[in-house]
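Novice: turn this into a structure:
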Amino acid sequence: MSEPECRAANWYNVGERDALIYGLRPQIEQHAYACQKFGVQASEPDYIAGWNVGQGERIRRGAGEGCCDPH
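Specialist: Numbers count the residues shown, from 1 in each chain. Predicted coordinates for the structure are as follows:
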């Protein structure tokens, strides 16, 4: 992450995006390391809360729920 991204980060949204869009395992350590050099501390609780929501949505979408009208 860049310095502006670190400074403006909504950690809940970052976690949700990582899970939902990118399908990644939690990447909080990498984000925290990247932002640490700019004096920004990542919020792990917020990140994980968002990641859990994103992962649940990704799984739901993968199961086809809400995907298509069968008629």
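
Novice: which regions of the protein sit below the pLDDT cut-off?
Specialist: 64-71 (pLDDT under 70).

Novice: geometrically speaking, which residue is the centre of this protein?
Specialist: The structure's the chain has its C-alpha centroid closest to G15; by Cα atoms, centre = their mean the separation is 1.9 Å.

Novice: what strand or helix carries that one?
Specialist: Element membership of G15, judged by DSSP states H and E, is helix 11-20.

Novice: put the alpha carbons of that helix into PDB.
Specialist: Provided in PDB are the C-alpha atoms of helix 11-20 (Å, rounded to 0.1, in the frame of the first residue of the first chain):
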ATOM      1  CA  TRP A  11      -9.500  -1.100   7.600                       C
ATOM      2  CA  TYR A  12     -12.900  -2.700   7.600                       C
ATOM      3  CA  ASN A  13     -13.300  -1.900   3.900                       C
ATOM      4  CA  VAL A  14      -9.800  -3.100   3.100                       C
ATOM      5  CA  GLY A  15     -10.500  -6.500   4.700                       C
ATOM      6  CA  GLU A  16     -13.900  -6.800   3.000                       C
ATOM      7  CA  ARG A  17     -12.300  -6.000  -0.400                       C
ATOM      8  CA  ASP A  18      -9.400  -8.500   0.100                       C
ATOM      9  CA  ALA A  19     -11.900 -11.300   0.800                       C
ATOM     10  CA  LEU A  20     -14.700 -10.400  -1.600                       C
END
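
Novice: from the chain's centre, how far out does it sit?
Specialist: 2 Å (Cα atoms, centre = their mean, to the nearest Å).

Novice: need the next SSE after it, C-terminal direction.
Specialist: Reading on from helix 11-20 to the C-terminus, the next helix or strand found by DSSP H and E is helix 28-36.

Novice: C-alpha coordinates for stretch 27-41, CSV please?
Specialist: Taking C-alpha atoms only, stretch 27-41 is exported to CSV below (Å, rounded to 0.1, in the frame of the first residue of the first chain):
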residue,chain,number,x,y,z
GLN,A,27,-3.5,-10.0,4.4
ILE,A,28,-3.4,-7.8,7.5
GLU,A,29,0.3,-8.5,8.3
GLN,A,30,1.4,-7.4,4.8
HIS,A,31,-0.8,-4.2,5.0
ALA,A,32,0.5,-3.5,8.5
TYR,A,33,4.1,-3.9,7.4
ALA,A,34,3.6,-1.7,4.4
CYS,A,35,1.9,1.1,6.4
GLN,A,36,4.3,0.9,9.4
LYS,A,37,7.0,2.7,7.5
PHE,A,38,4.6,5.7,7.1
GLY,A,39,3.8,5.7,10.8
VAL,A,40,0.3,4.3,10.2
GLN,A,41,-1.0,1.5,12.4
